[in-house]
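Asks: Below are the sequence and a predicted model for it; my questions follow.
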Amino acid sequence: MKNVLVIGATGQIGSELTMELRERYGNEHVVAGYIHGADPHGELKESGPSAVVDVTDAINIECVVKKYNIDAIYNMAALLSVVAESKPILAWKVGIDGLWNVLEVARAYHCSVFTPSSIGSFGPETPHLLTPQDTTQRPRTMYGVTKVTTELLSDYYYHKYGVDTRSVRFPGIISNVTPPGGGTTDYAVDIYYSAVKGEKFICPIKKGTLMDMMYMPDALNAAISLMEADPKRLIHRNSFNIASMSFAPETIYTSIRKQLPDFEMVYDVDPLKQAIADSWPDCMDDSCARNEWDWNPSYSLESMTSDMLIKLRKKLLTKATLMSD
Ligand code: AKB
């Protein structure tokens, strides 16, 4: 049986990834790695082992890998695109110095490693429509610089040392569990919270701005399926384009209005977020992922909207009931 360590297990993707891995591999086989101040709570804390894992501390990572006899590491620690622009040195330290530590430990202890890349690894010169798997990657953000470096360093460790590194380029991820923090695509999560709370949504991204997006269950499935894929079929490794839906703000707004006709949205464009969004693909070509490891997403915008609204209503109602007790 595999033993898995998730680094960044209390973050937006890490928290749900840890629970999904526990479901598939057994609770005791999946360690939730977190940093002080972002401790796990509730089910995440109670359902399985957890340990402090600071990605910038190689000895700390090594101790946890040794203690739990880890075979696979999901390295989810990173700063998102907007926050990385205001903290570029920290973004590099966590994203790249951290990755280097993970790869060195993986090399010594024969672990496989998943480290996500992103649509942020592309830049203004990249073809925006059906962005190819192998194409120009000259991002102008620090987030993008760290993601391209992640891809290159991960491939380097595979070719040079045989470390089994794998990665996907995540689109904006939409979820009803842990909110994202500091990303360009966060608006596509925030809009659902405003809709369910009955508040007017102020959209920071301009009408007509297309970006790839994905519902969390598909994102989790992508990461785990790639890690479980037959290595003989993989022509690419770091990193695969994956896509499921691409929309602009007015399209997600219309999708929500079909169920909540009184919901209102106005625009107040954030220039930094808009510049980043404009430099990213409109929609990626994910045929390599489909051919090499059978990637096939389940959710469309409409099915995601239905599920998000049901789950968020329930979540906010439970929260309100708990507060009134
Ligand atoms: C962000 O907006 O920074 C992230 C991403 C697309 O990688 N959600």
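Replies: Perfect, I can see it now. Numbers count the residues shown, from 1 in each chain.
Asks: so where's the protein shaky on pLDDT?
Replies: Within the chain, the stretches with pLDDT under 70 are 1, 325.
Asks: List the buried residues for the longest helix along the chain?
Replies: If each helix of the chain is counted by residues according to DSSP state H, the longest one is helix 301-324. Neighbour-count burial for helix 301-324 flags Leu301, Met304, Thr305, Asp307, Met308, Leu309, Leu312 (criterion: 16 or more other CB atoms under 10 Å). C-beta coordinates here come from the backbone N, C-alpha and C atoms, glycine included.
Asks: Over to stretch 121-137?
Replies: Neighbour-count burial for stretch 121-137, with 16+ other CB under 10 Å as criterion, is recorded at Ser121, Phe122, Gly123, Thr126, His128, Thr131, Gln133, Gln137.
Asks: before we move on, what about stretch 49-57?
Replies: Neighbour-count burial for stretch 49-57, counted by 16+ other CB under 10 Å, picks out Pro49, Ser50, Ala51, Val53, Asp54, Val55.
Asks: And the fourth one, how far from Leu130?
Replies: Applying CB to CB, to the nearest Å, one obtains 38 Å for the distance of Val53 from Leu130.
Asks: show me the contacts for the nearest residue in space to Trp293 that is not next to it in sequence.
Replies: In space, and not counting its chain neighbours, Trp293 is closest to Ala229: 3.7 Å by CB to CB, 6 or more residues apart in numbering. Neighbouring residues of Ala229 by CB atoms under 8 Å, 6 or more residues apart in numbering: Arg166, Glu292, Trp293, Asp294.
Asks: List the ones among the residues you listed that fall in strands.
Replies: Among the contacts of Ala229, the members falling in strands (DSSP state E) are Arg166.
Asks: Name the residues of the stretch 1-150 of the chain found near the ligand, please.
Replies: Within the stretch 1-150 of the chain, the positions near the ligand by CB under 6 Å from any ligand atom are Leu80, Ser81, Ser118, Ile119, Gly120, Tyr143.
Asks: Now do the contacts for the closest residue to the second one other than its chain neighbours.
Replies: Right, the one you point to is Ser81. Counting by CB to CB, 6+ apart, Tyr143 is the residue found nearest to Ser81 once chain neighbours are left out, at 4.0 Å. By CB under 8 Å, 6+ apart, the residues touching Tyr143 are Leu79, Leu80, Ser81, Ala84, Glu85, Ala91, Ser118, Gly120.
Asks: redo that, cut-off 7 Å
Replies: Leu80, Ser81, Ala84, Ala91, Gly120 (CB atoms under 7 Å, 6 or more residues apart in numbering).
Asks: sorry, back to before: let's see which of the residues of the stretch 1-150 of the chain next to the ligand end up in helices.
Replies: Using DSSP H, these in helices are Ser81, Tyr143.
Asks: Whichever of the residues of the stretch 1-150 of the chain next to the ligand end up buried, select them in PyMOL.
Replies: This is the PyMOL syntax for the buried subset of those, where burial follows 16+ other CB under 10 Å:
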select buried, resi 80+81+118+119+120+143
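Asks: measure the closest residue to Lys66 other than its chain neighbours to Ser50 for me?
Replies: Using CB to CB, 6+ apart and skipping the chain neighbours, the partner closest in space to Lys66 is Tyr109 (7.1 Å). Separation of Tyr109 from Ser50 (CB to CB): 19 Å.
Asks: cool, and Pro217?
Replies: Relative to Ser50, and taking CB to CB, Pro217 is found at 23 Å.
Asks: Contacts only, for Glu20.
Replies: Leu220, Ile224.
Asks: can you do 10 Å?
Replies: Going by CB atoms under 10 Å, 6 or more residues apart in numbering, Glu20 touches Val6, Val30, Met216, Pro217, Ala219, Leu220, Asn221, Ala223, Ile224.
Asks: of all of the stretch 101-250 of the chain, which residue lies closest to the ligand?
Replies: Residue nearest to the ligand within the stretch 101-250 of the chain: Gly183 (2.8 Å; CB to the nearest ligand atom).
Asks: Can you give me the neighbour number for that residue?
Replies: When neighbours are counted by other CB atoms under 10 Å, Gly183 registers 23.
Asks: so what's it closest to, chain neighbours aside?
Replies: The shortest distance from Gly183 to any non-neighbouring residue, by CB to CB, 6+ apart, is to Leu80 (3.8 Å).
Asks: how close does that neighbour get to Glu125?
Replies: Distance from Leu80 to Glu125, by CB to CB: 23 Å.
Asks: again with Trp295
Replies: Taking CB to CB, one finds Trp295 at 26 Å from Glu125.
Asks: Please apply the same query to Pro49.
Replies: Distance from Pro49 to Glu125, by CB to CB: 45 Å.
Asks: And for Asn176?
Replies: Taking CB to CB, one finds Asn176 at 36 Å from Glu125.
Asks: residues contacting the closest residue to Leu234 other than its chain neighbours?
Replies: Ranked by CB to CB, 6+ apart and with sequence neighbours excluded, the top spatial neighbour of Leu234 is Glu292, at 5.5 Å. Residues in contact with Glu292 (CB under 10 Å, 6+ apart) are Gln133, Leu226, Ala229, Asp230, Arg233, Leu234, Ile235, His236, Arg237, Phe240.
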